[in-house]
Structures are given as C-alpha cells and as structure tokens.
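J.: prediction below, plus the sequence it came from.
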Number of protein chains: 2
Amino acid sequence: MSTRKTASPEKTLPPSKRDRTRRRLLQAGVKVFAGKGIEAASIQEIAATAGVANGTFYNYFQSKEEIMEAAAIWVGVDYCERIKASAAHIPDGAERMSIGGRHYMTMALAQPELARFMISVAVFSPIWAEQVEPYILADLTLGVKQKRFAIASTAAAIDMITGTNFAGINSLLTGRTGRAHIPAVSATILRGLGMAPKEADEIARRPLPPLPPAPEA
Amino acid sequence: MSTRKTASPEKTLPPSKRDRTRRRLLQAGVKVFAGKGIEAASIQEIAATAGVANGTFYNYFQSKEEIMEAAAIWVGVDYCERIKASAAHIPDGAERMSIGGRHYMTMALAQPELARFMISVAVFSPIWAEQVEPYILADLTLGVKQKRFAIASTAAAIDMITGTNFAGINSLLTGRTGRAHIPAVSATILRGLGMAPKEADEIARRPLPPLPPAPEA
DNA sequence: TCTCAATTTGAGAGATATCTCATTTATGAG
DNA sequence: CTCATAAATGAGATATCTCTCAAATTGAGA
C-alpha cells in the first residue's frame, strides 16, 4: 500500500533517474518480447536485459501484461510520430493516409519480430488503439474535408484502415506476398475510402518520404 | 520415438476412441483458452477439463501452442461451414460476402471470450488463414464473376475483407461500438470491393439467414 | 558535507508447469 | 474367450517463475 505509482503528475518533472530506468525497462521489454515471443518472455529476463535487479521491475510495472502493453504502445506511437514528421510537407490527406500505411508495412518487412510483437498486442489492447487512432483520424478527417474521401461511417472507416493495414502486414510477415503487396493494399484502402481506382493506384505508388531516425536504441 | 502420430491416413477410419479423445481435448482447449485467456491456460487444466490424465495430452499434442492453433482452426472452420450452410440459397456473391462477415461479428457479440481467443490465434497463424481463406475466396470470386465486385488485387482484397472484419469484431469486443456497427462495417467492405455506396448499404442491411446449430458442445 | 527520502538490490519462499515413463486398462479381431 | 496392440494413467523429477522485503545505495537540496 505504498509504492503504487502508475501514472504520475504531468507537471515539470526533471528527466530523473526514475524516467531513465523506466525507459530502460521498456527497451528491454521490446527486445525480449520481439526476440522470444510474448509467451516465452519472463519478467526475470526483462529485468536482466535492462540491467536492473529482479525486484526493481515491480517498482515500475505490476505484471508482464502491463509492460507488454506499455512497450507496444511506445513502439506504435513512436512510429506514428516519425511517420507524421516525415509527411509534414504533404498537404493531401489521401497521400498522407497512404504514406502512413505503407510505412507501417515497410517496417514489418524490415523488423518482422518487432512488427509481430506490436500487432499481437495491438489487436486486443483498447489502449493501444486509443493511442494510435488519433493519428489515423487526423489524416482521415483531412481527406474528408478536402473531398478526397467519401465515407459513411467514421468508425467503420477506421476499422477498415487499421484492419486492412494489419492484415497486409500479416501477409508480408508470413511471406505469402512480397513487396508489391504494399501499394496494392494501400490502393485498396484508398478505394475503400471512396477514391477512384486509377487515382488510388497512382497515389499508392508515389515514393515514400524517408523516416527520421529512431530516437530509441 | 514411438508415438508421434500427428496426422493420420484419411481412409475409412471408424470414429474410434482416439478421435473421441482428441475431440474432447479440443473442446476442453476451447473452453479453457476462452475462459482464462491464452497465457493463463495450462496443459494440466486442459487435460483435467477434458477428463483425461495429464500424460494423455501428449499422445495428441506436443505443446500448448499446438492445441491452441488446432482449437482456433476448429472453431473458425466450423463457423465458416455453418455460415456457408446458412447461405446455401443465396446466389449473389455480394450478399454472401456480407452475410459471412456479419455472422462473424454477431458471434463476437454473443460469445466475446470465444471470439477473442479465436482472433488472437488467427492473427498470427498462417495455418488458420490458410484454412479459412477458401471460404472467403469462394464468395469473392463468385462476386467478381457476377460483376458485382471490381478489384485490382485478389490478395489485397482478401486482406481488406479479413482485416476489416477482424477490426470490426474488435471494436465490438471493446464496447467502443454497438450493434449498428455491424452493417456499417459490412457496407464499408462492399464499397471497398467496388460496389456503389447505395447498393452496398442496402445489401449490408438485409436480414441474416439463421445459422444451423453448432454440432459441438 | 550532511541528511533523508527515493530507489535499488538480490536471495529465497512458495507456487505451479512441463514432460517422462513404467505400469495398468481398454479394445476388437479371430 | 484370448491375446496383441493401442490408449490411458498419474506420480514425480526437473525446471522456472513470480513476488516480497529487509537492508544497502544513491543523489539532490540545505
């Protein structure tokens, strides 16, 4: 009944030791979860990988599930931020939407284990969805406002976007499809959002703006 | 190096004791996985629930992962079969496609834990996908042949269908959306397959033919 | 430099899982 | 009924894992 600090006041905290340790644990969590799979990962190993004692873990997270969710959110949001930065100069909502999805799929090809970990958490974590959806929603509403998209239900459109991207990533992860699958999936999404087939295809083939480097690692 | 019989010859085997035990284990697996979650489920408990001794489990499955995948496939394929039977009298590929997805989403509302289990396996199991995709592909090609759909890439279309349905199920599972989400998601899929918005909406609202009862349980 | 609250340590108690295998029991063909 | 084979049993050796807590350490402000 003493050391239960889940979320802390968001005032002007200095980047203290506490923050650094938490970050190291998250990094270690990502590494272990991606490396051995969720089931085989243990708190012991995460702590060891982070270079802290076993008991230290419990100052930061209550359970494997908790760090798992936090780590997956960290990866997902960080990726969204970098994608957003890479597309800062793109005004077209449709192109931005395509860039987001294609970057995610490209990541899956480059770091399959990481992608697999993130997705298996994302699929059943409402918090993950809640954190990542704003990024999608921004491009979606932009595209609607620009009359690039014509949708009936926002919630259904978001399900279509996230679901299709996830399924596309999975196809890539299992090796059923190759690189060419990426623009095909992206075009399918744009068509689902009400764009004309030809234009959707063209946008989904435009070059990807390069991502800024990861701040982590 | 003796009792490793994973798949058996498919000739005219009587429904032997072996089959019955295997089936009981699968049923127990579904119950335990859905009830306690994948992580917390143990082989011990599955065996106990099936009413067999601990060691018997290993005559049938090598690991938790193996029975997990088999159980999820069993649930998924059984559902597809029942949906297919329910739609036997529907000639329109588009309507059949809508019926399939809406039945899956309806199941998610009726049996949330079961749906959650099935999806978390389905998401990263290539074998699950391989077993279920033929059902989707059948309706998809039918719709294309009937000129109800106009798609560019079959693989991308399938990703869109499965992914969007899964994401829709998740929205329902987390309670973010209600019953009205089901036709909205279905209509979005049909539009993504190239149908006109109005017609997609209309089809996605047609009544669902009732499912035949489950043979299991 | 001194002080004290925050943080970290790590050994170990307690719990539970996996998987094996020698033995027992059930099945069905002749 | 007999017997060979298939299937089931369950105790236990072995292996981890989780989570706690009293004591040691750290570091920032006075």
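T.: Perfect, I can see it now.
J.: need the helices for chain A, in chain order.
T.: Ranges of helices in chain A, per DSSP state H, are A:17-36, A:43-50, A:64-86, A:93-110, A:112-122, A:126-145, A:154-173, A:181-192, A:197-204.
J.: quick one: pLDDT of the closest residue to residue A:61 other than its chain neighbours?
T.: Of all residues not flanking residue A:61 in the chain, residue A:67 sits nearest, at 4.2 Å (Cβ to Cβ, 6 or more residues apart in numbering or on different chains). For the C-beta atoms, the positions are set from N, CA and C on the backbone; glycine is no exception. Confidence at residue A:67, expressed as pLDDT, is 98.
J.: check residue A:33 too.
T.: If you check residue A:33, the pLDDT there is 98.
J.: distance check, it against residue A:41.
T.: In this view, residue A:33 and residue A:41 are 5 Å apart by Cβ to Cβ, to the nearest Å.
J.: for stretch A:187-197, measure first residue to last.
T.: One end of stretch A:187-197 sits 8 Å from the other (Cα to Cα, to the nearest Å).
J.: does chain B sit close to it?
T.: Yes - residues of stretch A:187-197 are located near chain B by Cβ under 8 Å from any Cβ of the partner chain, namely A:187-189, A:191-192, A:194, A:197.
J.: low-confidence bits of chain A, can you list those?
T.: Applying pLDDT under 70 to chain A flags the ranges A:1-15, A:216-217.
J.: derive a ChimeraX selection command for the buried subset of the residues of stretch A:187-197 next to chain B.
T.: Filtering those down to the buried ones (16 or more other Cβ atoms under 10 Å in any protein chain shown) takes a single ChimeraX command:
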select /A:187,188,189,191,192,194
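J.: tell me which of the residues of stretch A:187-197 next to chain B is nearest to chain B?
T.: Among these, residue A:192 lies closest to chain B (Cβ to the nearest Cβ), at 3.1 Å.
J.: which non-adjacent residue is nearest that closest one?
T.: residue B:192 (3.1 Å).
J.: spit out the contact partners of that neighbour.
T.: Residue B:192 sits next to A:160, A:164, A:188-189, A:191-192, B:157, B:160, B:164 when contact means Cβ atoms under 8 Å, 6 or more residues apart in numbering or on different chains.
J.: burial count for whatever residue of chain A ends up closest to DNA strand C?
T.: Per Cβ to the nearest atom of the strand, residue A:55 is where chain A lies closest to DNA strand C, at 1.9 Å. By other Cβ atoms under 10 Å in any protein chain shown, the residues close to residue A:55 number 8.
J.: sorry, back to before: could I get the contacts of residue B:192 as TSV with distance to residue B:79?
T.: Formatted as TSV, the contacts of residue B:192 follow (distance: Cβ to Cβ, whole Å):
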residue	distance to residue B:79
A:160	22
A:164	21
A:188	25
A:189	26
A:191	28
A:192	24
B:157	21
B:160	20
B:164	17
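J.: nearest residue to the most centrally placed residue in chain A other than its sequence neighbours?
T.: Residue closest to the mean C-alpha point of chain A, counted by Cα atoms, centre = their mean, is residue A:76 at 2.4 Å. Once flanking residues are discounted, residue A:76 sits nearest to residue A:132: 5.1 Å by Cβ to Cβ, 6+ apart.
J.: ok, residue A:196 - how many residues close by?
T.: By the measure other Cβ under 10 Å, the count of residues near residue A:196 is 10.
J.: what sits against the residue nearest to residue A:120 when sequence neighbours are not counted?
T.: Closest residue in space to residue A:120, ignoring its immediate chain neighbours: residue B:124 at 5.8 Å, by Cβ to Cβ, 6+ apart. By Cβ under 8 Å, 6+ apart, the contact set of residue B:124 is A:116, A:119-120, A:170, A:173.
J.: one more: residue A:151?
T.: A:140, A:144, A:157, A:193-194, B:188 are the contacts of residue A:151 under Cβ under 8 Å, 6+ apart.
J.: could you rerun that using 6 Å?
T.: With contact taken as Cβ atoms under 6 Å, 6 or more residues apart in numbering or on different chains, residue A:151 is in contact with A:157, A:193.
J.: from residue A:102, how far out is it?
T.: For residue A:151, the distance to residue A:102 (Cβ to Cβ) stands at 20 Å.
J.: residue A:203 and residue A:140: what is the separation?
T.: Counting by Cβ to Cβ, the gap from residue A:203 to residue A:140 is 15 Å.
J.: oh, I was asking about residue A:98
T.: Distance of residue A:98 to residue A:140, computed by Cβ to Cβ: 12 Å.
J.: one more: residue A:119?
T.: For residue A:119, the distance to residue A:140 (Cβ to Cβ) stands at 21 Å.
J.: quick revisit: residue A:33 and residue A:41: which is more packed in?
T.: Counted by other Cβ under 10 Å, residue A:33 and residue A:41 do not tie: residue A:33 has more neighbours, with 27 against 21.
J.: close enough to count as contact, that one and residue A:118?
T.: No - the criterion here is Cβ atoms under 6 Å, and residue A:33 misses it with residue A:118 at 9.1 Å.
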